[in-house]
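Q: Here's my sequence, what's the structure:
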Amino acid sequence: MAKTKKTQGKLARYVNTPEAMERFRRHYGVPDDVYLEYRFWENAITGEHGDLIIPLVAIIEGGVRFPIDPLLADFLDYFRISPTQISPNIFRIVNGVAELNRQLGFNLTVHDIIATYFLRTTQHEAFSLRPRDVNNTLVNSLPDTNKEMTDDFLLVRGNWYFPGHRCPTTDGKPEEKKKQVQAHLTDPVALQAVYDSEVCVDEYANPRSAYKLLRSSCPPPVPQAETSEPVLPLERKRKRKGPAKGEAPPVETPIGPVEVLAQAVLPGVDTIPSAEGADVEMAAGERVRTDATVLRTGGSGSNTATALCEVARLPGDMAVWRQSTNQEVINNLRRGLMMAVQGSLEMGDRFQRQAAELENSLKMATRSFQLRDETERMRREVEAYKDQVRIATLKKDEANLKLEDTQDLLRNALEENSKIGEKFKVLEAEVAAREKAAFDRGSVEAQSTMTKQLPGIYNEAFQVGWKALYSRESDDMPPLPPQEVFPYPNAPIGVPEEELPEPQPSADDVAGPSNS
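A: This next block holds a predicted model:
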């Protein structure tokens with residue numbers, strides 16, 4: 001047997017018929033000027049320009065109401081993504097933060113959400129928010145899965161947004177720089193106050209529970225005639241054993257709409273039991289719910305206001321009013337109005353005082369944070385200065401060590417120079433002594449040589465003179481005496497060689513210079 005193609009999701013039963021859609025609109029206070037149309041995920045495309053496609057689970061469990069909250073619109077517009085690109089938990093977180101702003105009186109923005117969570121995605125997953133610090137979150141008790149709850153969508157048309165707060169209706173891609181924390185645009189004081197707040201605590205003692213913050217309530221159940229299993233969202237289906245053989249199945253009683261009376265909330269009291277017979281019905285015949293509002297445009301807001309006014313018809317009081325004259329009624333009205341005016345003036349003064357005190361407290365807290373940041377900055381500067389001083393001291397010690405080493409080297413060099421100078425002086429003295437000794441020795445040798453050469457020179461001159469004398473023949477010169485006249489005719493001229501200590505220099509030898 002061929003498998004039937006799926007054309008509707010798990011939540012389609014609450015909007016897939018005109019009657020179900022009408023109950024859905026009344027239950028969630030959809031204004032009359034906002035058009036809704038169911039779309040399965042295969043047909044989740046816009047029909048006209050300006051149409052919005054939004055997951056049905058975002059309204060049932062994500063706290064989305066129309067017109068959509070400005071914070072949610074600003075969040076989507078900041079990242080340039082559409083509601084179909086984000087997981088249901090983003091709706092819970094952003095709308096939960098908007099509810100925290102209303103309850104605690106803060107003004108947390110998209111940048112405060114980015115300071116607490118970071119936006120991530122994968123190729124096959126929608127965008128989701130992950131906490132930067134698991135100990136500091138804004139909204140808690142978020143479900144881990146939304147299985148079978150992301151197939152149903154609504155096409156929204158009309159006045160579904162506030163002026164100036166419109167989100168993209170087509171898919172986009174966020175810029176990476178917008179995912180970074182902008183510290184100058186965040187409010188750390190308000191964030192810390194929200195982290196420490198203990199509002200909307202669930203049964204598991206988790207503060208700021210998404211279910212409690214968004215007051216998630218199931219849509220009106222589908223009548224038995226429309227579906228065989230009138231199971232509410234998030235209600236686990238339980239298998240039941242069939243009836244015994246031969247027994248008729250039990251007749252199921254149709255489940256009527258879940259009705260909640262409008263009740264006043266007192267400090268420290270969660271709910272007030274309603275008196276029997278105090279049910280107040282609206283014009284459409286349904287009772288006022290806890291999530292009803294008079295601020296919606298259209299008939300739902302006026303019907304809610306009318307129903308709430310009918311609560312004041314207390315039988316005893318109305319009997320007294322009927323017995324009063326017109327003047328008494330007017331006087332009582334004037335007195336009540338004046339008391340209301342005086343009370344409003346007193347409340348205004350109190351509000352101004354509390355606002356001034358809160359502003360002063362915020363200023364003091366901001367100042368304390370600034371002082372803490374300034375102290376931390378000065379501490380870092382002191383640490384940096386200490387590091388610089390430490391480095392300068394180390395450099396100075398290193399320079400002193402280098403100076404001492406240089407002085408030692410210079411001292412050693414001076415000592416070496418002194419030793420070399422002394423050695424040089426000794427060498428100079430030695431050289432001078434050697435020069436003097438050499439000079440003296442040369443002088444003695446020269447004198448000895450001259451002494452040795454003089455006799456030869458004299459003898460040579462003597463011989464030359466005699467030879468010249470012998471060679472001269474002149475008529476005018478007297479003749480030499482006869483040879484026999486000499487006393488030693490056979491005596492040689494000059495000094496015998498054997499008597500000389502050294503051989504006489506020849507005539508060709510050149511005599512050295514004299515030292516005299």
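Q: looking at the protein, which helix or strand is least sure?
A: helix 299-310 (a mean of 74; mean pLDDT, DSSP states H and E).
Q: send the alpha carbons of the very next helix or strand once past that one over as PDB?
A: The first helix or strand that comes after helix 299-310 along the chain, using DSSP states H and E, is helix 315-323. The C-alpha trace of helix 315-323 is given here as PDB (Å, rounded to 0.1, in the frame of the first residue of the first chain):
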ATOM      1  CA  PRO A 315     -25.400  43.100  43.500                       C
ATOM      2  CA  GLY A 316     -25.200  44.900  46.800                       C
ATOM      3  CA  ASP A 317     -23.500  47.900  45.400                       C
ATOM      4  CA  MET A 318     -25.900  48.100  42.400                       C
ATOM      5  CA  ALA A 319     -28.800  48.100  44.800                       C
ATOM      6  CA  VAL A 320     -27.400  51.000  46.700                       C
ATOM      7  CA  TRP A 321     -26.800  52.900  43.500                       C
ATOM      8  CA  ARG A 322     -30.300  52.300  42.300                       C
ATOM      9  CA  GLN A 323     -31.700  53.800  45.600                       C
END
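Q: Distance of A73 relative to E357?
A: 33 Å (Cβ to Cβ, to the nearest Å). Placement of C-beta: from N, CA and C, glycine included.
Q: Those two: which is more packed in?
A: A73 (21 against 10; other Cβ atoms under 10 Å).
Q: What does K10 show for phi and psi?
A: Dihedral angles of K10 (phi, psi; degrees, to the nearest 10) stand at phi -70, psi -30.
Q: do you know how far G348 is from A355?
A: On the measure of Cβ to Cβ, G348 and A355 end up 10 Å apart.
Q: any weak-confidence spans in the stretch 251-400 of the chain?
A: When residues are selected by pLDDT under 70, those of the stretch 251-400 of the chain lie in 251-292, 295-301.
Q: repeat for the stretch 101-250 of the chain
A: Along the stretch 101-250 of the chain, the model assigns pLDDT under 70 to residues 123, 148, 216-250.
Q: isn't L100 right next to L213, touching?
A: Yes: using Cβ atoms under 8 Å, L100 is in contact with L213, at 6.9 Å.
Q: Could you tell me which residues touch both of the two?
A: Each of V139 lies in contact with both L100 and L213 under the rule Cβ atoms under 8 Å, 6 or more residues apart in numbering.
Q: more neighbours, the two?
A: L213 (27 against 22).
Q: neighbours of H165, just the number please.
A: 16.
Q: next one: the longest helix along the chain to chain centre, how far?
A: Scanning the chain for the helix with the most residues, using DSSP state H, yields helix 326-471. In terms of Cα atoms, centre = their mean, to the nearest Å, the centre of helix 326-471 is set 39 Å apart from its chain centre.
Q: Tell me what angle it forms with helix 315-323.
A: Here helix 326-471 runs at an angle of 120 degrees relative to helix 315-323 (axes from the mean of the first three to the mean of the last three Cα atoms, to 10 degrees).
Q: which helices and strands does helix 326-471 pack with?
A: Packing partners of helix 326-471 (3 or more Cβ pairs under 8 Å, 6 or more residues apart in numbering; DSSP states H and E): helix 188-196.
Q: Give me the contact list for the helix it packs on.
A: Against helix 188-196 from outside (Cβ under 8 Å, 6+ apart): 100, 104, 106-108, 112, 115-116, 136-138, 208, 362, 365-366, 369.
Q: One more: stretch 118-130?
A: So stretch 118-130 is contacted by 79, 81, 85-87, 89-90, 93, 113, 117, 132, 174, 179 (Cβ under 8 Å, 6+ apart).
Q: farthest-separated two in those?
A: Farthest apart among the contacts of stretch 118-130 by Cβ to Cβ are Q85 and R132. That separation is 21.3 Å.
Q: Over to P67: give its phi and psi.
A: phi -60, psi 150.
Q: residues touching it, list them.
A: Residues near P67 by Cβ under 8 Å, 6+ apart: 31, 34, 159-162.
Q: does L36 really touch F153, like I thought?
A: No: counting by Cβ under 8 Å, L36 does not reach F153; the two are 10.5 Å apart.
Q: Tell me how this structure divides into domains.
A: Following automatic domain parsing, one finds the domains of the chain at 12-224+288-295, 328-499.
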